[in-house]
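K.L.:
make a model of this:
(chains A and B, ligands or ions: 2)
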Amino acid sequence: MAAPILELRNVNKSFGPIDVLHDISLKVGAGEVLCLLGDNGAGKSTLIKTLSGVHQPTSGTVLMDGKEVAFNNPREAQEMGIATVHQFGGTFPLMSVGRCFFIGNEPTRKWGPFRVYDRAKANEIAVKNVQDFGITRIDDGDRLVGGMSGGERQSLAIARAVYFGARVLILDEPTAALGVKQASHVLRIVLEARKRGLAVIFITHQVTHAMAVGDHFAVLIRGALAANFMKGEKSREEITDLMAGGEALADLGAEVESYMESHDGHPPPAQP
Amino acid sequence: MASQSAVKPAKPTGAAGTGFDFGSLIRRPETGAFLGLVFVFIFFAIFGNVNFVRPAGAASYLNVAANIGIVALPIGLLMIAGELDISIGAMIPAGAMTVAIVSGHFGAPILVGMLASLAFGVLVGLINGFLTVRTAVPSLIVTLGTLFAVQGLVLGLSVALTGTTSVALTAPDWVKFFFGRFIANSFQVIIFWWLLLAAVYYFVIHMSRFGNWIFAMGGDKESARNVGIPTDRLTIMLFVASSTSAAFVGMCQTILYNSAQVSGGMSFIFNSIVTVVVGGVLLTGGFGSVIGIFFGTLTFAIVNQGIYFTQFDANWSSLIIGILLLLAVLMNNTFRKMALTYSPKKGKK
Ligand SMILES: Nc1ncnc2c1ncn2[C@@H]1O[C@H](COP(=O)(O)OP(=O)(O)OP(=O)(O)O)[C@@H](O)[C@H]1O
Ligand SMILES: [Mg+2]
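P.N.:
Ligands and ions are numbered 1, 2, ... in the order given. Take a look at the predicted model:
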């Protein structure tokens, strides 16, 4: 079997005294969708940030095609073909669609002895890719991104990642701000990327979305890999429970009911 | 001068934009600044005496504009990147005193004194930049600290080394030719430096890739870092540019007037912020333009000097500047909102 495109071996990450990731070992192969699941604060974003060069692992190794790699910054990861849509953001409200799309990878053209930003080319490619994504309302690359809706901005960020993601596409809660139609579009994009042989790492809190596209599921609980299984190995209920941090959600309903009965119909206080 | 720059906003910069395009016009941060400039120019041309539109009048506001403008350009870029630098208020006298003490008091070659001035600017810029990047303390506070520190250092060293707070310097003619003389008896040579620097900044900000990065930094620093933009390095470079520019202006003033004083320069803090904001730069970062800063500087200088050409008491000029600032901010806000929501009714072919 060919080496997985991306592999983590015993990766740890701490921020000063705070340990966020413990001993994570994971593989993603070409044409595979890895769903990364887990509660808020479980360390999902931190994990993908170490894969996209934003953070460096405190210890452990990252391998690409079986060879050890170290990304000192996001640009190095990008150059290796890893494109990431980070949670919250990736777009700049007061910049134009074209400039936003190419931020950090601006196309240039020759202007005398200088290389200058090629606005026409950037706008054309950006508009085309965003439109291919179903956002046909955007037809002017000079438009400011801040005037677009949250979902449209998210789509722009994803279209951008798909455009630059040569080998690995990492999406951190890409469907969180999207409507039903746009969300299913994102899921279709994920499947399309898989068909083209990309490795996709997909973070979501929605079981339906995870079940729809995932081949391989990894669950993080407080920074440790609590479960790592393939499609079909666990039921929907089991996955839901794992996503909630291992607590059985099925029991929750009964718990709330009995609490309300014994407390004059008040629901239980939120637990920290 | 004013009429020459007036041509710029209508000129398309890219392949798109043939003929009049309302969308691209309101999206330009300098549109409001340009209207403000036209307004104040017409205002003083009507209420001022004829000298206002003659070369002597032009010299009076171009001299002011050039001195502020050289500092306002990098201050504006810092603001676009989401930072502030108020230590320039101390860097102008620091740059002035350094060359005067090194070359005037101690008699070192003028080039050594000039290099010392600029090197001091680079040093303070590095300190501002590193402190801002490393500590994540807001740059307003960091540079407030360096403002006082540099002020105290310059005063203390001047008195300790020379025994006075004012030092004379007679620069050789060739140095005065480039850095400090009056052309046609009224235009300071520093005006050319301002125009040259504005052109360089225009290229870097609007035509190179760096410009894109600076806007992204001001828009969302976290995201900018996540796409691989060297935000720390750019921040430090911008701080170096602003404090070195301030030292340069101080140095040129010493060469022009043959002496340097420890005091002065504080007015540059507010004046440069006013010009930048009038020029359409968003105080919180992410939006602005070099042409806008240029127009804002001219507008400020015209109001600042224009009052002397009118019958009005000069005491009113601060009132006018205050009102102008508020109007400019309101207008720029309106334009920015329009720019965000504007989309052409029909797709262009
Ligand atoms: N730069 C940082 N410095 C210190 N602690 C951090 C840093 N980044 C993340 N953490 C901590 O690491 C933990 C995991 O955060 P992370 O953002 O990876 O969670 P997540 O699984 O993505 O959660 P969510 O589902 O809410 O997005 C959190 O407790 C967070 O406070
Ligand atoms: Mg997260």
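K.L.:
ok, B:G129 touching B:A241?
P.N.:
No: using C-beta atoms under 8 Å, B:G129 is not in contact with B:A241, being 9.8 Å away. Any C-beta I mention is one placed from the backbone N, CA and C, and that applies to glycine too.
K.L.:
of those two, who's got more company?
P.N.:
Neighbour count, other C-beta atoms under 10 Å in any protein chain shown: between B:G129 and B:A241, B:G129 has more, with 27 against 23.
K.L.:
now do the SS call for that one.
P.N.:
Using DSSP: H, G, I helix; E, B strand; the rest coil, the structure places B:G129 in helix.
K.L.:
same deal with B:L147?
P.N.:
helix.
K.L.:
in the stretch 101-250 of chain B, what residue is nearest ligand 1?
P.N.:
Relative to ligand 1, the nearest point of the stretch 101-250 of chain B is B:E222 (10.2 Å; C-beta to the nearest ligand atom).
K.L.:
check which helix or strand that residue maps to.
P.N.:
Per DSSP states H and E: B:E222 is located in helix B:221-226.
K.L.:
what's that helix in contact with?
P.N.:
Counting contacts by C-beta atoms under 8 Å, 6 or more residues apart in numbering or on different chains, the residues outside helix B:221-226 that touch it are A:49, A:52, A:54, A:74, A:84, A:86, A:89-92, A:103, B:82, B:213, B:216-217, B:231.
K.L.:
likewise stretch A:9-22?
P.N.:
Looking at what lies outside stretch A:9-22 - C-beta under 8 Å, 6+ apart - the contacts are A:23-25, A:43, A:46-47, A:50, A:55, A:57-63, A:223-224.
K.L.:
and the gap between the residue most central in space within chain B and A:T84?
P.N.:
Nearest to the mean C-alpha position of chain B, by C-alpha atoms, centre = their mean, lies B:A72 at 1.2 Å. Noted for B:A72: a distance of 37 Å to A:T84, by C-beta to C-beta, to the nearest Å.
K.L.:
could you list the buried residues of stretch A:227-240?
P.N.:
Applying a neighbour-count criterion of 16 or more other C-beta atoms under 10 Å in any protein chain shown, one finds A:A227, A:N228, A:K234, A:I239, A:T240 buried in stretch A:227-240.
K.L.:
alpha carbons of it, as PDB, please.
P.N.:
What follows is stretch A:227-240, C-alpha atoms only, in PDB (Å, rounded to 0.1, in the frame of the first residue of the first chain):
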ATOM      1  CA  ALA A 227     -11.400   6.800  18.800                       C
ATOM      2  CA  ASN A 228     -10.200   6.200  15.300                       C
ATOM      3  CA  PHE A 229     -12.400   4.100  13.000                       C
ATOM      4  CA  MET A 230     -13.500   3.600   9.500                       C
ATOM      5  CA  LYS A 231     -16.900   4.200   7.900                       C
ATOM      6  CA  GLY A 232     -19.400   1.600   9.000                       C
ATOM      7  CA  GLU A 233     -17.600   0.500  12.100                       C
ATOM      8  CA  LYS A 234     -19.800   2.500  14.400                       C
ATOM      9  CA  SER A 235     -23.400   3.500  14.400                       C
ATOM     10  CA  ARG A 236     -24.700   7.000  14.200                       C
ATOM     11  CA  GLU A 237     -25.600   7.000  17.900                       C
ATOM     12  CA  GLU A 238     -22.200   5.900  18.900                       C
ATOM     13  CA  ILE A 239     -20.600   8.600  16.900                       C
ATOM     14  CA  THR A 240     -22.900  11.200  18.300                       C
END
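K.L.:
that stretch - what's its average pLDDT?
P.N.:
The average pLDDT within stretch A:227-240 is 83.
K.L.:
so, low pLDDT: which residues of the stretch 101-250 of chain A?
P.N.:
Scanning the stretch 101-250 of chain A for pLDDT under 70 picks out A:245-250.
K.L.:
residue boundaries of the helices in it?
P.N.:
Here the stretch 101-250 of chain A has its helices, by DSSP state H, counting those that start in this stretch, at A:119-132, A:150-164, A:180-195, A:207-213, A:236-243, A:250-262.
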